[in-house]
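Asks: Pasting the sequence and the predicted coordinates here, then a few questions.
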Amino acid sequence: MSHKIVVGYDGSESADAALSFAIGVARAQGGSVVIAHVLEWSPYSFLTPTELEERHMRRSEELERAKSALLDPVVAKLSDSGVEVKTALKYGHIAETLCEVAKDEGADQIVIGRTGHSSLSSRLFGSVAGSLAQAGPVPVTIVP
């Protein structure tokens, strides 16, 4: 059975370091990598039907932009890495969604950078790394 690693990726230097680490581990163990990007959004807003339709259109556009601007270039860059690479692009709470991706993919490990494109709110309410370290369904490696 090969080792499958989910990498939380947001394009930051820390995420690049995590991806590089995961590629090295996957290459050494004959495994594969799932590069997961999560667009965070809150389901707790009360919108009219028209606003919901507009939000759905914006979400589709955001997903396409994230795919073409973030995920496609990194996958192309890794094409000669010798490691099978696929992507997952989702909306939701970042830590919870990375846990779902890991479960859905049958991953053995989650790898993330210690810091990413975070805001002050993550420092006040808890980081993705801290949340995953506590709630991850598989071992979590936090790369400095």
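Replies: Perfect, thanks for sending it. Numbers count the residues shown, from 1 in each chain.
Asks: lowest-confidence helix or strand of this protein?
Replies: None of the helices or strands of the chain scores lower by mean pLDDT, DSSP states H and E than helix 120-125, at a mean of 42.
Asks: which strands and helices sit next to the helix or strand just after that helix?
Replies: Next along the chain after helix 120-125, taking DSSP states H and E as the criterion, comes helix 128-135. With contacts defined as 3 or more C-beta pairs under 8 Å, 6 or more residues apart in numbering; DSSP states H and E, helix 128-135 has these neighbours: helix 94-105, strand 109-113, strand 140-143. (C-beta placed from N, C-alpha, C; glycine too.)
Asks: Give me the residue ranges of this structure where confidence is low.
Replies: 1, 41-48, 51-53, 56, 116-126 (pLDDT under 70).
Asks: Please identify the most buried of the helices and strands packed on helix 128-135.
Replies: strand 109-113 (a mean of 26; mean count of other C-beta atoms under 10 Å).
Asks: How about exporting that strand as CSV, limited to the C-alpha atoms?
Replies: The C-alpha coordinates for strand 109-113 follow below in CSV (Å, rounded to 0.1, in the frame of the first residue of the first chain):
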residue,chain,number,x,y,z
GLN,A,109,-0.8,11.9,6.6
ILE,A,110,-1.6,15.6,6.4
VAL,A,111,1.3,18.1,5.8
ILE,A,112,0.9,21.8,6.3
GLY,A,113,3.1,24.8,6.7
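Asks: who touches it?
Replies: With contact meaning C-beta atoms under 8 Å, 6 or more residues apart in numbering, strand 109-113 is reached by 3-8, 12-19, 21-22, 25, 98-99, 102, 128-129, 132, 136, 138-144.
Asks: now the angle from it to helix 128-135?
Replies: Comparing the axes of strand 109-113 and helix 128-135 via axes from the mean of the first three to the mean of the last three C-alpha atoms, to 10 degrees yields an angle of 160 degrees.
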